[in-house]
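Student: pasting a predicted model and its sequence here:
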Amino acid sequence: MVREEFDLALWFLAQDGEKTDGALLCRVREAERGWINQVAVLRPWRKRGLGTALLWQAFDTFYRRGITRVGLVVNSVNVRRFLR
C-alpha cells in the first residue's frame, strides 16, 4: 500500500559516483507542513556540511511548493554520540 503523502521528489541523496554518502527523506503532512523523516550521513562525510546542504535542499524544495513549515525530530541518543 502506497501512502498518500509519499513523493520521491522529496528524497534527497548526496552521491560520490555510485556511492551514496548522505540521504534526507521527507514527506508532506497535512498538505501544508513538510516533515523530515530521516537524515543520514556516512561517518567520513560528517562535520563537512553535507547534512546541512541536504537540509537546505529540502527547505528550498518545500518553499517552492508553498510549504513554509517543516518539522524534524532529533534522536537524543544520536546527538550524544555526535558530541563525544
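Tutor: That came through, no problem. Numbering: from 1, shown residues only.

Student: could you pull out the helices for the protein?
Tutor: Ranges of helices in the chain, per DSSP state H, are 50-64, 76-83.

Student: any idea which of those helices scores lowest on pLDDT?
Tutor: If the helices of the chain are sorted by mean pLDDT, helix 76-83 sits at the bottom with a mean of 58.

Student: which residues touch the spatially most central residue of the chain?
Tutor: Centroid-nearest residue in the chain, with Cα atoms, centre = their mean: Leu24, separated by 2.8 Å. Leu24 sits next to 11-12, 36, 38-40, 51, 54-55, 57-58 when contact means Cβ atoms under 8 Å, 6 or more residues apart in numbering. The way it works is simple: take the backbone N, C-alpha and C, and place the C-beta from them, glycine included.

Student: so how far is Tyr63 from it?
Tutor: Per Cβ to Cβ, to the nearest Å, Leu24 is found 15 Å from Tyr63.

Student: could you check the pLDDT of Arg48?
Tutor: In this prediction, Arg48 carries a pLDDT score of 94.

Student: same deal with Glu4?
Tutor: We have a pLDDT of 56 for Glu4.

Student: quick one, phi psi at the closest residue in space to Glu32 that isn't next to it in sequence?
Tutor: Computed as Cβ to Cβ, 6 or more residues apart in numbering, the closest residue to Glu32 that is not its neighbour in sequence is Ile67, at 6.3 Å. With angles defined as degrees, to the nearest 10, Ile67 sits at phi -100, psi 120.

Student: ok, the closest residue to Leu72 other than its chain neighbours - contacts?
Tutor: What sits nearest to Leu72 in space, not counting adjacent residues and going by Cβ to Cβ, 6+ apart, is Ile36, at 4.2 Å. Neighbour list for Ile36: 24-26, 55, 58, 70-72 [criterion: Cβ under 8 Å, 6+ apart].

Student: which of those residues has the most neighbours?
Tutor: Tallying neighbours with other Cβ atoms under 10 Å puts Cys26 at the head of these, with 28 neighbours.
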